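[1] need a structure here:
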Amino acid sequence: MLVTKNLVETNKYELEVKVDAAAFEEALEMAYRKNKNKIQVAGFRKGKAPRKMIEKMYGEEIFFEDAINASYAKELADAVEEAGLELVDRPDVEITSVNKAEGYTFKATCIVKPEVEVSDYKGIKAEKVVNPVTDEEVNAEIDRMRERNARIITVEDRATKAGDDVVFDFDGYVDDKPFDGGKAEKFSLVLGSGQFIPGFEDQMIGHNVGDEFDVNVTFPEDYHAEELKGKPAVFKCKIHEIKDRELPELDDEFAKDVSEFDTLDALKEDIKKKFTDRNEKAAEEDVENKLIDKVIENMKGEIPEVMYENRIDESVREFEYRLQSQGMNLELYLHYTGMDMDAFRKTFRAQAEKQVKIRLALEKIVELEKLEASKEEIDAEYAKMAEAYKMDVDKVKGLLPEDEISMNLSINKAIDMIKESAEITEKAAPKKKTAAKKPAAKKATTKKAKAEAETEESAEK
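    Reported below is the predicted structural model:
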């Protein structure tokens, strides 16, 4: 039962909740039944001792903790509902009094959803810029298709060169002693990929199958392993195999092999159309982002810090799931990037702030404009999700509450309304200047570089 409700600071309420003696007694009896088989009392078989006998021997408080833990959550939920609060985080709960005769009382400190103000969300001006598709982009995609369809051949009549995939053994030493991770057999490395520390791959060039040689390098000062930073090292290497990539000829036969088209020109035309559609979609998304940015720029309200932290928690969990799907865990990822958890969380901060603000602003617009999803729209959304996840509709309904689906659909309506009322000016993108072709930059293929690149990409999404 809610006793008092006090606003202690912006977006923070303190509730005093009373659980009466009858409800507490019911919880105590449940706690006794749950624990009686674990308690031994002289003169009784295990699990057969009466509750009063156990309380007499061990004190009447023996079941208090379990009873409170089992009962306070429902009492708190009822009190929050009675107080009319919408919480954004789990409340901090403090038991303030407890006894069998009167029940127990607790204090709950609750952070609530902030009240925000939005204005000028209709008639926003924005430019839509669609980038034209160039011949260079189409040809670059053709080159990527050739790379994907390249034939791997074994080389036996020459030494290694940049771009070769070399299979070799290596055994590393620092101060004439082996170190962890410094040895491997029949390791595959693309020379020039930047997978190894600077200088290593350069010294792999010019050797033949069967050659045994030393590679002398120095670990970078910012290397992730503290004991190896700045240390000179010697790797004893032996090459077993050299592989090269043979690209297919660029002709109509190539088009037939890699696509549904009979000619290279038809393939290029299809690529150009797909890229045009992609650019149009990107332009639409860019306009939408500009409009939403303007909406949150015009929003006023004091947002609890915990809302940002909770969104960062979600981003970290999502990132960790992606790592697991790639066979890596977060601990190993942080090791490769040289980040601690605090630094890693900071990479999601700006993204989290924006996402929280967008959601609050759009929910407020839904409220102001009285936007609602119809029953038909909600059912259609459930059916769409069931199809996407290959699940029964009823199971999806059990996992996702209808009010959550309804709000998401209503928010989409708010976005559509903002876009429909906006003043969009279409603008042609400036023509790209054809610059002299530069050597391709090395891909981020070291585990550390890949990890760093993935963090940046995730934070931008």
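[2] only C-alpha atoms from now on, for both contacts and neighbour counts.
    Will do.
[3] did I read that right, Gly327 in a helix?
    No. Applying DSSP: H, G, I helix; E, B strand; the rest coil, one finds Gly327 to be coil, outside a helix.
[4] quick one: pLDDT of it?
    Listed pLDDT for Gly327 reads 88.
[5] what does Gly206 give?
    pLDDT at Gly206 comes out at 96.
[6] again with Gln203
    96.
[7] could I get the phi/psi values of it?
    Dihedral pair for Gln203: phi -80, psi -10, per degrees, to the nearest 10.
[8] what's the nearest residue to it if we skip its chain neighbours?
    Nearest non-adjacent residue to Gln203, counting by CA to CA, 6 or more residues apart in numbering: Val215, 6.2 Å away.
[9] and Glu117, by the same measure?
    Closest to Glu117 by CA to CA, 6+ apart is Lys300, at 5.0 Å.
[10] please look at the one you found and Pro114 and confirm they touch.
    No. If you go by CA atoms under 8 Å, Lys300 and Pro114 don't touch, sitting 10.2 Å apart.
[11] of the two, who's got more company?
    Pro114 (18 against 14; other CA atoms under 10 Å).
[12] ok, the more buried one to Glu305 distance?
    As judged by CA to CA, to the nearest Å, Pro114 and Glu305 stand 11 Å apart.
[13] ok, now which ones touch Lys397?
    Contacts for Lys397 (CA atoms under 8 Å, 6 or more residues apart in numbering) come out as Tyr382.
[14] in which helix or strand does it reside?
    With secondary structure defined by DSSP states H and E, Lys397 is part of helix 393-399.
[15] could you pull out the strands for the stretch 151-300 of the chain?
    Along the stretch 151-300 of the chain, counting by DSSP state E, counting those that start in this stretch, strands occupy 151-155, 165-174, 177-190, 212-218, 232-246.
[16] and the shortest one, what's its mean pLDDT?
    For strand 151-155, the mean per-residue pLDDT is 91.
[17] which outside residues touch it?
    Glu241, Ile242, Lys243, Asp244, Arg245, Glu246, Leu247, Pro248.
[18] the same query, at a cut-off of 10 Å, please.
    Applying CA atoms under 10 Å, 6 or more residues apart in numbering, the contact partners of strand 151-155 are 164-166, 208-209, 241-248.
[19] make JSON lines out of those and add distance to Lys36 and neighbour count.
    Formatted as JSON lines, those follow (distance: CA to CA, whole Å; neighbours: other CA atoms under 10 Å):
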{"residue": "Asp164", "distance to Lys36": "71", "neighbour count": "22"}
{"residue": "Asp165", "distance to Lys36": "67", "neighbour count": "24"}
{"residue": "Val166", "distance to Lys36": "67", "neighbour count": "25"}
{"residue": "Asn208", "distance to Lys36": "76", "neighbour count": "20"}
{"residue": "Val209", "distance to Lys36": "74", "neighbour count": "19"}
{"residue": "Glu241", "distance to Lys36": "69", "neighbour count": "19"}
{"residue": "Ile242", "distance to Lys36": "71", "neighbour count": "25"}
{"residue": "Lys243", "distance to Lys36": "70", "neighbour count": "18"}
{"residue": "Asp244", "distance to Lys36": "72", "neighbour count": "19"}
{"residue": "Arg245", "distance to Lys36": "72", "neighbour count": "17"}
{"residue": "Glu246", "distance to Lys36": "75", "neighbour count": "13"}
{"residue": "Leu247", "distance to Lys36": "75", "neighbour count": "15"}
{"residue": "Pro248", "distance to Lys36": "76", "neighbour count": "16"}
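[20] over to Glu117: give its phi and psi.
    Here is the backbone geometry of Glu117 (degrees, to the nearest 10): phi -120, psi 130.
[21] near it, how many other residues are there?
    So Glu117, with other CA under 10 Å, has 14 neighbours.
[22] identify the residues contacting it.
    Ile296, Asn298, Met299, Lys300, Gly301, Leu360, Ala361, Lys364, Ile365.
[23] at 7 Å instead, please
    Taking CA atoms under 7 Å, 6 or more residues apart in numbering, we find Glu117 in contact with Met299, Lys300, Gly301.
[24] now the longest helix along the chain, how far from the chain's geometric center?
    Secondary structure of the chain per DSSP state H: the longest helix is helix 264-297. Offset of helix 264-297 from its chain centre (CA atoms, centre = their mean, to the nearest Å): 24 Å.
[25] and for stretch 12-21?
    For stretch 12-21, the distance to the chain centre is 37 Å (CA atoms, centre = their mean).
[26] next one: stretch 316-328
    That offset, for stretch 316-328, works out to 8 Å (CA atoms, centre = their mean).
[27] how about the strands of the stretch 301-450 of the chain, start to end?
    423-428.
[28] pLDDT weak spots in it?
    Where the stretch 301-450 of the chain drops to pLDDT under 70, the residues are 431-450.
[29] how does it look with 50?
    By pLDDT under 50, the weakly predicted segments of the stretch 301-450 of the chain are 434-450.
[30] and the helices in it?
    Ranges of helices within the stretch 301-450 of the chain are 305-325, 330-337, 341-346, 349-369, 375-389, 393-399, 402-421, 447-460, based on DSSP state H, counting those that start in this stretch.
[31] circling back: between the longest helix of the chain and helix 402-421, how many degrees?
    100 degrees (axes from the mean of the first three to the mean of the last three CA atoms, to 10 degrees).
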